[in-house]
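Asks: here is my input; please provide its structure:
(one chain, ligands or ions: 3)
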Amino acid sequence: MRTRAAVAVAAGKPLEIMEVNLDGPKAGEVLVEIKATGLCHTDEFTRSGADPEGLFPAILGHEGAGVVLEVGPGVTSLKPGDHVIPLYTPECRECEYCLNPKTNLCQSIRTTQGRGVMPDGTSRFTTLDGDPILHYMGCSTFANHTVLPEIALAKVREDAPFDKICYIGCGVTTGIGAVINTAKVEIGSRAIVFGLGGIGLNVIQGLRLAGADQIVGVDLNPEKRAMGERFGMTDFVNPAEVEGDLVPYLVDLTKGGADYTFDATGNVGVMRTALECAHKGWGESIIIGVAPAGAEISTRPFQLVTGRVWKGTAFGGARGRTDVPKIVDWYMQGKIEIDPMITHNLTLDEINHGFDLMHEGKSIRAVVEY
Ligand code: NAD
Ligand code: AHE
Ligand code: ZN
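Replies: Ligands and ions are numbered 1, 2, ... in the order given. So this is what the prediction gives:
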């Protein structure tokens with residue numbers, strides 16, 4: 001079939017909107033009509049060329065929601081008409097990783113996913129001239145139709161709005177999951193969140209859900225303050241307004257250091273600050289941000305010797321087919337909020353403008369509806 005897509009043709013170039021060919025689903029695969037997709041910073045990270053794993057040409061996008069149109073041979077858990085959220089972290093429930101409760105990083109299709117192809121080693125997308133176009137993070141939600149492995153789709157309730165629940169495909173689950181699954185924050189904790197964007201605000205609402213007493217938000221953009229407070233932030237710090245070193249300032253503000261700190265910036269200098277303002281003896285710092293090619297983190301080992309813990313999290317430690325339907329339920333029950341974070345609704349033709357808004361710090365989540 002033919003479908004419309006935003007194609008990343010080369011690193012650093014704007015996405016090109018074009019008609020592409022899409023082959024039908026092969027064994028174990030599912031054809032999905034994407035109804036809405038969110039623009040996550042990670043898509044921009046790859047488009048810009050900062051991702052060491054970035055491949056071109058590719059159809060980016062990993063945050064979406066849609067409807068199953070057709071299932072390939074052997075697919076048993078889904079049928080046409082089912083509502084689904086694509087999962088860049090699949091859940092096969094059979095691999096060594098899925099069988100270990102300590103991780104959510106299903107590895108059953110990681111190699112082919114990282115090469116931009118389906119598990120059989122081929123791509124379903126081509127240009128109208130027949131040249132291959134690669135998949136991205138196994139999802140390619142910047143196409144109106146896409147093909148995914150069955151194990152990379154969470155079936156969700158049909159009354160949930162696509163233009164909101166698409167965000168659960170990355171940002172919402174990553175932020176809330178980092179608090180609940182990775183940090184396992186206790187009631188009464190003090191926490192610091194660096195970066196109040198599409199991920200950091202969800203960390204804040206996760207901290208509120210977990211019953212944290214103090215939630216400090218740190219961002220260079222003063223306009224992020226209002227949204228942080230809207231979701232439960234108790235203190236705002238703009239590093240540009242702090243005289244002297246930020247670490248002692250934040251340690252003082254949290255009465256000796258935070259129980260939990262979160263990096264949602266992708267800046268390795270911020271990651272160091274986040275570790276060092278965690279409480280001596282027990283503070284844990286969780287890296288969520290994705291850092292550019294070649295970047296490395298550093299600190300004095302003494303920071304760890306004296307009891308601070310450095311951790312990371314992918315997709316908030318969530319097992320997608322199991323956890324994502326539950327997060328959709330939380331949204332529908334009003335336990336978590338999504339709507340105020342979707343600041344812009346765009347068409348596919350406006351997708352590059354969506355990335356401009358992200359750069360300018362004007363959007364939290366821009367959502368493209370097909
Ligand atoms: P975003 O651009 O919406 O937000 C980033 C925020 O950080 C902005 O508000 C910006 O003003 C702030 N910021 C930048 N530099 C700062 C600094 N030095 N100090 C304080 N604040 C600073 O991005 P996002 O969509 O929220 O994503 C955040 C990061 O998380 C990105 O690196 C993204 O790639 C990553 N990410 C990781 C996962 C995962 O599974 N680990 C999932 C999604 C996104
Ligand atoms: N390719 C990059 C790393 C990118 C990365 O860390 N991706 C996160 C998801 S970000 C979603 O917005 C992830 O889940 N990683 C696990 C994995 O297996 O890729 C690099 O630096 O090489
Ligand atoms: Zn993402």
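
Asks: now name the helix or strand holding whichever residue of the stretch 51-200 of the chain sits closest to ligand 1.
Replies: Nearest to ligand 1, among the residues of the stretch 51-200 of the chain, is Gly197, at 1.8 Å (C-beta to the nearest ligand atom). (C-beta placed from N, C-alpha, C; glycine too.) Taking DSSP states H and E as the criterion, no element holds Gly197; it sits outside all helices and strands.

Asks: and the strands in the stretch 201-350 of the chain?
Replies: Taking DSSP state E, counting those that start in this stretch, the strands of the stretch 201-350 of the chain run over residues 214-218, 235-237, 260-263, 284-287, 309-312, 342-346.

Asks: dump those strands into TSV; add mean neighbour count, distance to ligand 2 and mean pLDDT as well.
Replies: Shown next, in TSV, are these (neighbours: other C-beta atoms under 10 Å; distance: least, C-beta to the nearest ligand atom, whole Å; pLDDT from 0 to 100):
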stretch	mean neighbour count	distance to ligand 2	mean pLDDT
strand 214-218	25	20	98
strand 235-237	17	25	98
strand 260-263	31	13	99
strand 284-287	26	10	98
strand 309-312	16	8	98
strand 342-346	16	17	98
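
Asks: who's in contact with the residue of the stretch 51-200 of the chain closest to ligand 1?
Replies: Contact criterion C-beta atoms under 8 Å, 6 or more residues apart in numbering gives 41, 224, 264-265, 364 as the residues in contact with Gly197.

Asks: residue numbers of this structure in contact with ligand 3?
Replies: For the chain, the residues in contact with ligand 3 under the definition C-beta under 5 Å from the ion are 40, 42, 170.

Asks: give me the number of residues near the last one?
Replies: Looking back up the chat, that one is Cys170. 32 (other C-beta atoms under 10 Å).

Asks: swap in the second one?
Replies: Burial measure for Thr42: 23 neighbouring residues, criterion other C-beta under 10 Å.

Asks: wait, Arg124 touches Asp23, no?
Replies: Yes. Taking C-beta atoms under 8 Å as the definition, Arg124 is a contact partner of Asp23 at 4.4 Å.

Asks: more neighbours: which of those two?
Replies: Higher neighbour count among Arg124 and Asp23: Arg124, with 24 against 15, using other C-beta under 10 Å.

Asks: distance check, whichever residue of the stretch 1-150 of the chain sits closest to ligand 3 against Met18.
Replies: Nearest residue of the stretch 1-150 of the chain to ligand 3, counting by C-beta to the ion: Cys40, 3.1 Å away. Look at Cys40 and Met18: by C-beta to C-beta, to the nearest Å, they are 22 Å apart.

Asks: more neighbours: these two, which one.
Replies: Per other C-beta under 10 Å, whichever of Cys40 and Met18 has more neighbours is Cys40, with 27 against 14.

Asks: hmm, that one is touching Gly171, no?
Replies: Yes. In this structure, Cys40 is within contact of Gly171 by C-beta under 8 Å, at 6.1 Å.

Asks: between those two, which contacts overlap?
Replies: Any residue near both Cys40 and Gly171 by C-beta under 8 Å, 6+ apart counts here, and that gives 63, 198.

Asks: what's the pLDDT at the closest residue to Lys280 other than its chain neighbours?
Replies: Nearest residue to Lys280, sequence neighbours excluded (C-beta to C-beta, 6 or more residues apart in numbering): Thr306, at 5.3 Å. You'll see Thr306 listed with a pLDDT of 98.

Asks: what's the local residue count around Thr306?
Replies: The local packing count at Thr306 equals 11, with neighbours defined by other C-beta under 10 Å.

Asks: that one contacts His279, doesn't it?
Replies: No. Assessed by C-beta under 8 Å, Thr306 is found out of contact with His279, at 10.1 Å.

Asks: what does the protein have sitting close to ligand 1?
Replies: With C-beta under 6 Å from any ligand atom as the criterion, the chain meets ligand 1 at residues 40-42, 45, 170, 174, 194-200, 218-221, 224, 239, 264-267, 270, 288-290, 313-315, 358, 361.

Asks: now list the buried members of those.
Replies: A residue is treated as buried here by neighbour count (16 or more other C-beta atoms under 10 Å); on that basis the buried members of those are 40-42, 45, 170, 174, 194-200, 218-220, 224, 264-267, 270, 288-290, 313-315, 358.

Asks: in helices only, show me these.
Replies: 41-42, 45, 174, 200, 270, 358 (DSSP state H).

Asks: so which two of the residues you listed are the farthest from each other?
Replies: Comparing all pairs in those by C-beta to C-beta, the longest separation belongs to Val270 and Met358, at 17.7 Å.

Asks: just give me the longest strand of the protein.
Replies: Scanning the chain for the longest strand, with DSSP state E as the assignment, gives strand 29-38.

Asks: can it be found next to ligand 2?
Replies: No. Contact check for strand 29-38 against ligand 2, using C-beta under 6 Å from any ligand atom: none in range, with a minimum separation of 10.0 Å.

Asks: ok so, going back, so what's the residue of the stretch 1-150 of the chain closest to ligand 3 up against?
Replies: If you count contacts by C-beta under 8 Å, 6+ apart, then Cys40 has 62-63, 170-171, 198 around it.

Asks: quick one: Glu70 from Arg124, how far?
Replies: Note on Glu70: its distance to Arg124, by C-beta to C-beta, is 12 Å.

Asks: what touches both of these two?
Replies: A shared contact of Glu70 and Arg124, defined by C-beta under 8 Å, 6+ apart, is any residue touching both; here these are 24-25.

Asks: so what's the nearest residue to Leu201 once chain neighbours are set aside up against?
Replies: With sequence-adjacent residues excluded and distances taken as C-beta to C-beta, 6+ apart, Leu201 is closest to Phe231, at 5.4 Å. Applying C-beta under 8 Å, 6+ apart, one finds that Phe231 lies in contact with 201, 204-205, 208, 337.

Asks: fine, thanks again, bye for now.
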